[in-house]
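> Turn this into a model:
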Amino acid sequence: ASNTFIGKGEIAKSQVPTLIAAVVQSIVTIMIVTRHNDVILLAFTYILGSLVMLTASMFLLKGYRFKFPSWDLFKDYFKFALPLMLSAGMAPIILYLDKVMIKLFWQNADVSIYWNAQKYAMLPDNLTSTFITVLFPAFSVLIVKGSISKIKTITLKAERYISMITFPAAFILISMARPFIEIVSDVTYSESGLVFSILMGWVIVRALSKPYIAHFASFSKTTYPMFITIILI
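Numbering: from 1, shown residues only. Predicted coordinates:
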């Protein structure tokens, strides 16, 4: 349901079920933590949250008209989606390969220092991924209307605005990387500060690439992200 809303450009509606589920799950989690000492009950809160999200999504989906896809549409979608499926399948390899290599050649402490920095660097990277969610359906609509020239203009503007937001935030975090790590984790992980500073460069490059990923995907050139993922591996 959420992807249907995104495809129609209704970005705000796609986030409503997630927000409702998060609020309900948080309230139930607080009640369990304060009244019960049972991690099994905490695990069930995730099932509750997913059920609330499903219920809210189906409620918002009422009134939409659907029909079964044709064979031609299925083949066209499979051609579009297969490279994305391969990219998504290879993404965990990229995410965990470095930590496996550190474990093989160095010590367990080095793995914890590296992962502690990486998990916080992934937060701004995940935030910039929302640009793809917004740009992809907008580009698709422009392609249907034949406004191809506007896509290039919007892509360049998106890159400019993302850099205006990302660069200052990244350099602030770089300048205070060590105290930031000590505050959000612990002083024992202070060595993660240098790794975190380096990974901010990765965040910047990834953020600037997001408009171009949406650009290529809107033209059904999903093989480009797949090749990029292969090169990264």
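
> which secondary structure element contains the residue nearest to the spatial centre of the chain?
Nearest residue to the geometric centre of the chain (C-alpha atoms, centre = their mean): N126, 4.0 Å. With elements taken from DSSP states H and E, the one containing N126 is helix 108-128.

> Check which residues of that helix are buried.
In terms of neighbour count (16 or more other C-beta atoms under 10 Å), helix 108-128 has its buried residues at 111-118, 120-121, 124-125, 128. In short, each C-beta sits where N, CA and C put it, glycine included.

> same thing with stretch 15-25?
Neighbour-count burial for stretch 15-25 flags 16-17, 20-21, 24-25 (criterion: 16+ other C-beta under 10 Å).

> Now, these that are in helices?
16-17, 20-21, 24-25 (DSSP state H).

> Which of those residues sits closest to K79?
Sorting those by how near they are to K79, with C-beta to C-beta, puts P17 at the top with 29.9 Å.

> show me where pLDDT drops low in the protein?
By pLDDT under 70, the weakly predicted segments of the chain are 228-233.

> again, only using 90
Low-confidence segments of the chain (pLDDT under 90): 1-19, 28, 30-45, 56-233.

> For it, just list every one of the helices.
Along the chain, the segments classed as helices by DSSP H run 2-7, 11-35, 39-60, 71-105, 108-128, 130-145, 148-175, 177-184, 192-218, 223-232.

> Need the winner for burial among those.
Mean neighbour count, computed with mean count of other C-beta atoms under 10 Å, is highest for helix 192-218 among these, reaching a mean of 19.

> Farthest from the middle of this protein: give me that residue.
Note on the chain: the largest C-alpha distance from the chain mean falls to R35, namely 34.0 Å (C-alpha atoms, centre = their mean).

> one step back: could you provide the ones in helices among the buried residues of stretch 15-25 in CSV, with additional columns for distance to F219?
Formatted as CSV, these follow (distance: C-beta to C-beta, whole Å):
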residue, distance to F219
V16, 30
P17, 30
I20, 35
A21, 34
V24, 39
Q25, 38
